[in-house]
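Q: Provide a 3D model corresponding to the input given below.
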Amino acid sequence: MIESDRVTNLGVEPEIVNTPSASGKGQKIARCPVCKVAVWSHYAGAGPITKFIRVGTLDNPDLLPPDVHIFTQSKQPWVDLSGAVRVYSEYYEREEVWSQESLARREALLPHIEAYQAAMRGDA
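A: All right, here's what the predicted structure looks like:
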């Protein structure tokens, strides 16, 4: 997850696909218009403020191994997550997992996220 304004798209503009989610609020998945692979998602909470990048689409995905596994309750039984990376059946408490730098970056984004949410509710 990263601030959208820190992302530079080096290829063709992705196709945005509105997709249902368990929350009922949906998410927007950016897909390559040619091969349809997911490149990033915008979830309902932060909308276009943040991008959840699919690491496998980066030029050097090996530079960013996972530091946490989430929503593992729905993983296939043959997926082995017994390594050193923390595992959560659903989501986690940010303060337990994120670095102080990441928490500070999120704090700086909160006014933008709150403004986005207010606009979606029609408050703004």
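Q: K75 versus the nearest residue to H69 once chain neighbours are set aside, what's the distance?
A: Closest residue to H69 apart from its sequence neighbours, by C-beta to C-beta, 6 or more residues apart in numbering: V87 at 4.7 Å. Where C-beta positions appear, they are placed from N, C-alpha and C, glycine not excepted. Distance of V87 to K75, computed by C-beta to C-beta, to the nearest Å: 9 Å.
Q: just V68 next, same as before
A: Note on V68: its distance to K75, by C-beta to C-beta, is 14 Å.
Q: give me every residue that touches the residue positioned nearest the centre of the chain.
A: Nearest residue to the geometric centre of the chain (C-alpha atoms, centre = their mean): F52, 2.4 Å. Contacts for F52 (C-beta atoms under 8 Å, 6 or more residues apart in numbering) come out as 1, 40-43.
Q: Output these as JSON lines; include the columns neighbour count.
A: Rendered in JSON lines, the data for the contacts of F52 read as follows (neighbours: other C-beta atoms under 10 Å):
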{"residue": "M1", "neighbour count": "14"}
{"residue": "W40", "neighbour count": "21"}
{"residue": "S41", "neighbour count": "20"}
{"residue": "H42", "neighbour count": "19"}
{"residue": "Y43", "neighbour count": "17"}
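Q: and which of these is nearest T8?
A: Using C-beta to C-beta, W40 is the member of the contacts of F52 that lies nearest T8, at 12.2 Å.
Q: Thanks again, I'm all set now.
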